[in-house]
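Colleague: using only what follows, build the 3D model:
(2 chains)
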Amino acid sequence: MRNHLFDQITFLSFSGSVLVTILILLTVSSCEPLATGFDETEDAQYFYAKAISPVPDTFSVIRVMTWNIRFGAGRIPWFGDACGDRVILTDYEVYSSLQLIVNKINLVKPDVLLLQEVDMNSKRSGYIDQMQYILDNTYFNYAVYGSQWRSQFIPSDGLGRMEEGNAILSRWKISDAQRIQLQLRNDQDNLTRYFYERCCMVTGRIEIPHVSNLYAVNIHASAFATDDTKQKHIIQFQDELNRINSDGGWFVAGGDLNTLPPSSDTTDYCIQDMCDNESFHHSYDNPMHKEGSNYAPEIYWLDELYTKYKCAVPTDLYKNNQYNYFTHTTRGTHFWDRTLDYLFTNYQWVENSVVTHQDATNESDHAPVSVLFVLPK
Amino acid sequence: MFSQDSLTKNYWTNGTAYTIPKNSWELGLLTASRYGISKNLEISAHPLMFFLMPQVQLKVGWGEYSGFQLATEHGIFYPTVFMRLVAREGTGGLISPEFTIPQMFAIYNRFLTSYRPFRDAILSAYAGIAFSFKFGPLNPQSTIDLPVIYPRLAVFYNQPEFDIGIDFRGKFVPRFGWLFSIKNFIVCGTPDNFFLENKGVLAYTSKKETLRVEAGYKLCFGRYPAGPQWHLLPAVDLVFGIGR
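Modeller: Predicted coordinates:
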């Protein structure tokens, strides 16, 4: 899993120490910090398509979609999340995955799209600006982006430069876009945390004519935290939705919450996610559970969200046919085996309009979820 | 430090067309160390990095013509051990372990000329060319995209690589000197082809010229795979002189 690379942050040899020290001395002293920290709240970055596409004049509903696109890695066994040995992808591999992603987007035609794990200038994904690529190869006109992992050089596993984040894409202009910092993990040492991703939410107001105060909120919660960090992320997400709600606004919100729906039958995926040479669930195993794969302790963390707001896949619908709403698997050769991706609103979804696009098996390790949203009058 | 004596003794002359005097040593903590084999021949290598990234260089002095001191440098550079060491999992992994680093080395040759525009200064210019030889394929994504390192390994990914530069050094007062240099790397066969390093340091030399302390900056610009970038780095060194 991704944080395994950081778990091994021990200085194994003198030469390694010297190299890292030189690297840190060199780069910390440069104009740009080695890894970027963020303010609690700051403006998101705005992006525009090269050519502005026309927007329909009359409509009463829009389609909203969320998708963790896995930085254009498709189903390649990347070392950080799929028991793989790949770190640096080729341009061809990334462009092939991106082409599949934009094909799917152009087919489903969401009007507002929440994307997680969008790479912009990362060595692992060929330094391709995926944000601009998706904008320029779909009908979306506008996007806002919040970085959640920005480092000019990660001296581990050959990762090098990293720029990954969450984005909101829209046919209409987006205003008041913000990046909201989520709690940093507390179960890592300082050096690891310095280079590690900084989960965030991105929010923005969608400027649909005759619709006021419609906000989109996009979150990517921690995948591997073993403490209460993920719970805090969900609470921060909920607080943001509560704030919009209490201010009289409407929202379409969602993303990759990295936790299961409350009524899930299976809550422990340690065995499914186990890599070669790993062992879990035995008394002698330490840790007993694989990081990010045991959801049992957190199975009630979404209860309040489900109670207060409308999930695109309501509990009853999910409970009776969970398999149809699974959105994720860690293995490239496996079918979806759990639900981690969500959409919520404080207004109204079109009944039975939600689609978990489980046919999108090659684009990412997450399936997109789309639903029709009734525009507030 | 750049008294007339210092200059005739060719002290602090790395980067110029002057060679270090016969049987003299200059041991740098972070920069290459040098030894005078004969009056017009010196050998240099990096002490700390020698076992990881051996680089040996010979400088041959060709004498002075019309006030211009002439020299050539000829070096060999073997980065395989270093690159294999950092192609690893976990911390210190500057290169992904998925890449195989072949045996390879580079040879470079450089022409230098130095001129003394006034008594306490040396103005030098140089131009060189480097070629690499590889005994296996090297994945183009195995680069270390960092200042200082990237341009010096670029010749193993695209070649030939040219370097040209100027170096101007001198003294303010006895024992206090300065250096300003600009070094350009031009790599053929790639759009990520230009790198510039501008170094400026102040130096203090002990009375018997057995110790030199340098402190300053190195400003780097480069067209890296991620795009053009600037870096401002510290430039510090301790150099010990032996046999003066």
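
Colleague: which other helices and strands contact the helix or strand containing residue A:194?
Modeller: Here residue A:194, judged by DSSP states H and E, is contained in helix A:190-195. Applying 3 or more CB pairs under 8 Å, 6 or more residues apart in numbering or on different chains; DSSP states H and E, one finds that helix A:190-195 contacts helix A:4-7. For every residue, glycine as well, the C-beta is placed using N, CA and C.

Colleague: center of chain A, which residue is that?
Modeller: residue A:116 (3.2 Å; CA atoms, centre = their mean).

Colleague: residues touching that one, list them.
Modeller: Taking CB atoms under 8 Å, 6 or more residues apart in numbering or on different chains, we find residue A:116 in contact with A:66, A:67, A:68, A:69, A:166, A:218, A:220, A:255, A:256, A:366.

Colleague: just the ones of those in strands?
Modeller: Judged by DSSP state E, those include A:66, A:67, A:68, A:166, A:218, A:220, A:255, A:256 as members of strands.

Colleague: next up, the contacts around the closest residue to residue A:69 other than its chain neighbours.
Modeller: Distances taken as CB to CB, 6 or more residues apart in numbering or on different chains place residue A:364 nearest to residue A:69, at 5.0 Å, with adjacent residues excluded. Residue A:364 makes contacts with A:67, A:68, A:69, A:70, A:73, A:74, A:75, A:97, A:101, as judged by CB under 8 Å, 6+ apart.

Colleague: what is the nearest of the residues you listed to residue A:227?
Modeller: residue A:68 (22.3 Å; CB to CB).

Colleague: tell me what that closest one is bridged to.
Modeller: Under DSSP bridges, the beta-bridge partners of residue A:68 are residue A:116.

Colleague: tell me which residues touch it, please.
Modeller: When contacts are counted by CB under 8 Å, 6+ apart, residue A:68 touches A:115, A:116, A:117, A:220, A:255, A:256, A:328, A:340, A:341, A:364, A:365, A:366.

Colleague: what's the burial count for the fifth one?
Modeller: What that stands for is residue A:255. Per other CB atoms under 10 Å in any protein chain shown, the neighbour tally for residue A:255 reads 26.

Colleague: please work out how many residues are found near the residue lying closest to residue A:298 once chain neighbours are set aside.
Modeller: Setting aside the residues directly before and after it, residue A:298 is nearest to residue A:259 in space (CB to CB, 6+ apart), at 5.2 Å. A total of 25 residues lie near residue A:259 under the criterion other CB under 10 Å.

Colleague: on the three-state scheme, residue A:259 is what?
Modeller: Secondary structure, DSSP: H, G, I helix; E, B strand; the rest coil: residue A:259 is coil.

Colleague: helices of the chain, residue ranges please.
Modeller: Defaulting to chain A. Counting by DSSP state H, chain A has helices at residues A:4-7, A:14-28, A:91-108, A:130-136, A:190-195, A:229-246, A:270-273, A:303-308, A:315-320.

Colleague: not quite, I wanted chain B
Modeller: Using DSSP H, the helices of chain B run over B:4-8, B:80-86, B:149-153.

Colleague: where in chain A is pLDDT low?
Modeller: For chain A, the stretches with pLDDT under 70 are A:1-32.

Colleague: pull the distance from the top strand by length along chain A to the chain's centre.
Modeller: The longest strand of chain A (DSSP E) is strand A:142-154. Centroid displacement of strand A:142-154 relative to its chain, using CA atoms, centre = their mean, to the nearest Å, is 12 Å.

Colleague: elements contacting that strand?
Modeller: For strand A:142-154, the elements it packs on are helix A:14-28, strand A:45-48, helix A:130-136, strand A:160-170, strand A:174-181, strand A:200-206, judged by 3+ CB pairs under 8 Å, 6+ apart.

Colleague: how many residues are close by residue A:160?
Modeller: Using other CB under 10 Å, residue A:160 has 28 neighbouring residues.

Colleague: how far away is it from chain B?
Modeller: According to CB to the nearest CB, to the nearest Å, residue A:160 and chain B sit 6 Å apart.

Colleague: is that residue in contact with residue A:153, as I believe?
Modeller: Yes. The pair formed by residue A:160 and residue A:153 meets the contact definition of CB atoms under 8 Å, at 5.8 Å.

Colleague: could you tell me which residues touch both of those two?
Modeller: With CB under 8 Å, 6+ apart as the test, residue A:160 and residue A:153 both reach residue B:145.

Colleague: would you mind listing what in chain B touches chain A?
Modeller: With CB under 8 Å from any CB of the partner chain as the criterion, chain B meets chain A at residues B:48, B:52, B:85-99, B:141-142, B:144-148, B:225-227, B:229-234.
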